[in-house]
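Structure here, sequence nowhere to be found:
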C-alpha cells in the first residue's frame, strides 16, 4: 500500500471537519446526540495544525491520526479514515506499523458504540478500563 503521512496545514480545516463528520457523527449521535452547532464550535476551538498528521493513500487525503509519545507509553489519541477507505486494511496497516516500531505499550480509547473496537482487539489491544461512553484499551 502506498501510504504516507503529511503535516496538517490551515487549509486542511474543511477536510478534517468533513472527516470528523463522516467518521464519527453516527457514533457521537448514538452516544450523546449530535448538536451541529456545538460540534462545529468545539472543533474550531480544538483545531491545531500541530496535532497529528494527514494520512495519504495513493496521493489522496483519506484520514488523520494523532500519536502522542509519552515516557512510558504511546497514546494513539485519534485515528480516523473516510468511510470509503475503512475496512480495506489501511487502518490495520497504519496501526500495525506503529506497533512494530515501538517497544512501549500503546493505549487508546474508543467509543463503546464504535465497531473499531473489533479491529483493536484483533491487533492485540485489551480493555483495561471504561467510562460510561468509552473503553480504554492497551497493548503491551
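Sure thing, it's come through. All values reported here derive from a predicted model rather than from experimental measurement.

Could you use CA atoms for every contact and neighbour count after this?
OK.

How about residues contacting the biggest helix by length in the chain?
If you go by DSSP state H, the chain has its longest helix at helix 13-31. Residues outside helix 13-31 that contact it (Cα atoms under 8 Å, 6 or more residues apart in numbering): 34, 40, 43, 47, 63-64, 80-83, 111, 113-114, 133.

mind redoing it with 7 Å?
By Cα atoms under 7 Å, 6 or more residues apart in numbering, the residues outside helix 13-31 that reach it are 34, 63, 80, 81, 82, 83, 113, 114, 133.

Could you pick out the longest strand of the protein?
Criterion DSSP state E: the longest strand present in the chain is strand 60-69.

For residue 1, give me the pLDDT.
pLDDT, residue 1: 64.

The one 3 residues further on too?
The predicted local distance difference test score for residue 4 is 93.

Name the surrounding residues that touch the one helix or strand it maps to.
Following DSSP states H and E, the helix or strand that holds residue 4 is strand 3-7. Contacts to strand 3-7, defined as Cα under 7 Å, 6+ apart, come from residues 53, 54, 55, 56, 57, 58.

The same query, at a cut-off of 10 Å, please.
Residues from elsewhere that reach strand 3-7 (Cα atoms under 10 Å, 6 or more residues apart in numbering): 49-65, 90, 93-94.
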